[in-house]
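In: generate coordinates for the sequence data below:
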Amino acid sequence: MENPNTRLWLLALLSLSLLVISAVFNTFSFLILLGLSPLFAIFNEFNKTGSERSQLKNYGYILAILALGFGSWGLSFSTPEPVHFMQGALFGIAISLSFLIYLFTNKYAKNRIGLFTILIYWLAIEYLLYRYIPTFANYFLGAVFSHDTYLISWDLYTGLQGVSFWIILVNILFYFALFKDLAIFNSKIRWLSIIYTLVIVVIPFAMNISSEAIIPIDLISMEAASKQLTGSGEYLGKNAVWVSILMICYGFVQRKTKK
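Out: The predicted structure follows:
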């Protein structure tokens, strides 16, 4: 376990397994709440002292995991086809850019809120993908609970991206509790942080809000899907796009002035 490469591969395998299982097996959809945490560990822990080449190598792991992970989500559709795997893989590649953009803005502008910046970029990319290719909505993180509508009845107020926001937030918090400084490999689990994270997990479930059932998007009309994804929850994606643009532009400005 002392070999860094062994730890990296274990984290990669864990993340990929959780992503696949959470989507393919409806009973285990809740595992998505932990599925991205190992990715944040790969991204943050192995980049602390690494060179730019090492950072890009670690990003390559993340890209591959997301491409394979979301590609497998197509297997959960009622009529799985090879094209669904390809769409999911393309979605994973596109969404991995949130990590790459983070590297750029952190280098030149310093991301003041740390890993939570990735959350903003992720939502922005989700929103843009949906706007230009609506079928990509099948691969939104929030869509993993399409078969468990009672778990996310509050999506009526936040939209499906609100569920994605919640999932990423919980994953980042689990990263701090379990994987920061590779604590889990050193038997140093932060129990208090886990308690705080579980509170964030439970709060939405405690909200007794009724909403329309979410049906897998490949089974309904795109008009119905649009109603589910936009409306009252559309502001999350829109704001994420504008904030992302401002942060990227600021990064370019800082890059120019530092030359």
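In: which residue ranges of the stretch 151-259 of the chain form helices?
Out: 155-174, 191-206, 222-229, 234-257 (DSSP state H, counting those that start in this stretch).
In: worst average pLDDT in these?
Out: Mean pLDDT is lowest for helix 222-229 among the helices of the stretch 151-259 of the chain, at a mean of 45.
In: list phi and psi for Arg190.
Out: phi -90, psi 90 (degrees, to the nearest 10).
In: oh, that last question was meant for Lys188, not what I typed.
Out: Given degrees, to the nearest 10, the pair of backbone angles that Lys188 has is phi -130, psi 70.
In: the bottom helix or strand of this structure by mean pLDDT?
Out: One helix or strand of the chain scores below all others by mean pLDDT, DSSP states H and E: helix 222-229, with a mean of 45.
In: need the contact list for the residue nearest the centre of the chain.
Out: With distances taken as CA atoms, centre = their mean, Ile168 lies nearest the centre of the chain, 5.0 Å away. Taking CB atoms under 8 Å, 6 or more residues apart in numbering, we find Ile168 in contact with 36, 118-119, 122-123, 141. Quick note: C-beta positions are derived from backbone N, CA and C, even for glycine.
In: and the helices in the stretch 1-150 of the chain?
Out: 4-24, 32-35, 37-45, 52-73, 82-95, 97-108, 116-132.
In: list the contacts of the shortest one.
Out: Where contact means CB under 8 Å, 6+ apart, the residues beyond helix 32-35 that reach it are 15, 18-19, 22-23, 69, 141, 144, 167, 170-171, 174, 201.
In: redo that, cut-off 6 Å
Out: Contact with helix 32-35 is made by 18-19, 22, 144, 167, 170, 174, as judged by CB atoms under 6 Å, 6 or more residues apart in numbering.
In: where in the stretch 51-200 of the chain is pLDDT low?
Out: Applying pLDDT under 70 to the stretch 51-200 of the chain flags the ranges 149-150.
In: ok now do the closest residue in space to Leu39 that isn't next to it in sequence, which residues does it touch?
Out: Of all residues not flanking Leu39 in the chain, Ser15 sits nearest, at 5.0 Å (CB to CB, 6 or more residues apart in numbering). Residues in contact with Ser15 (CB under 6 Å, 6+ apart) are 38-39, 65.
In: can I get the helices of the stretch 1-150 of the chain in CSV with distance to Gly251?
Out: As requested, those are exported to CSV (distance: least, CB to CB, whole Å):
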stretch, distance to Gly251
helix 4-24, 27
helix 32-35, 28
helix 37-45, 18
helix 52-73, 15
helix 82-95, 19
helix 97-108, 4
helix 116-132, 11
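In: sounds good, over and out.
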